[in-house]
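[1] coordinates for the following, if possible.
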Amino acid sequence: MIELNDLRKTYDGRRYVLDGVSVLFGERTTTGIIGANGAGKTTLFNCICGLEKPTSGRISPDRRLHTIGYLPTELYFYPRIKANEHLLFCLKAQKKSVSTETINKWAELLELPLMQYAEEYSTGMKKKLALLTLLLADYPVYLLDEPFNGLDLASNLLLKQIISRLQQADKTIILTSHILPTLTDVCDEIHYLANGVFARKYALDEFQYIEKDMVAFTMQAKIDALEQLL
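    Presented below is the predicted three-dimensional model:
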């Protein structure tokens, strides 16, 4: 369980990126977060895992990176480090031990050449390598920021299966995506982040209304303008 109480975050002292976010992410649930670019999804994740300090508000329990597996949108790998070296380095930092056989089986499944430099990987391969780092460390909570971006169709389907296995293992998962079906396929609930707050929560039986609401919330003015142009 992760509870946010009146969470606020500003970078300039004036405009709040997060403006009083209050929400309870249930334990052993998979929660999706949708919102426009710049809505504050990444800032929210950074605050939850301790990479950024909120301007005000409370996050409980007070978690940090050693208890949360965080997959950011922007990935970084040290130059001239091979994929297997990256995995071993991250596992050592988390004081985790995984057999070489297990690592190789995962690499085969994800089609990752471990002896290749990570910085030479394609976008999709980098995403899978970063995800593998989290899976090997076996966290109780996973924050996945746009995990489906950059993946081909087969990898997207595999990622859904991985999330399903994490759900069966009673992991808490919070993820964002610009591709609505990727969320409705795997989530127990979905929250809409707008104007610095969660404007609405959708239960599983309400997913059918999300797209219509998105048009009402953000797209109607643009659709009206488009009709004048085309």
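[2] what about the strands in the protein?
    Here the chain has its strands, by DSSP state E, at 2-10, 16-25, 30-34, 56-60, 68-71, 141-145, 172-176, 189-194, 197-203.
[3] the third one - contacts with which helices or strands?
    The contact analysis (3 or more Cβ pairs under 8 Å, 6 or more residues apart in numbering; DSSP states H and E) places strand 30-34 against strand 172-176, helix 180-184, strand 189-194. For the C-beta atoms, the positions are set from N, CA and C on the backbone; glycine is no exception.
[4] could you rerun that using 6 Å?
    With contacts taken as 3 or more Cβ pairs under 6 Å, 6 or more residues apart in numbering; DSSP states H and E, strand 30-34 sits against strand 172-176, strand 189-194.
[5] so which of these comes closest to residue 75?
    strand 172-176 (15.0 Å; Cβ to Cβ).
[6] which helices and strands does that closest one pack with?
    Using 3+ Cβ pairs under 6 Å, 6+ apart: strand 172-176 touches strand 30-34, strand 141-145.
[7] now render the strands of the chain as a markdown table, adding mean neighbour count.
    Shown next, in a markdown table, are the strands of the chain (neighbours: other Cβ atoms under 10 Å):
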| stretch | mean neighbour count |
| --- | --- |
| strand 2-10 | 18 |
| strand 16-25 | 19 |
| strand 30-34 | 23 |
| strand 56-60 | 13 |
| strand 68-71 | 20 |
| strand 141-145 | 22 |
| strand 172-176 | 24 |
| strand 189-194 | 20 |
| strand 197-203 | 16 |
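[8] perfect, that will be all.
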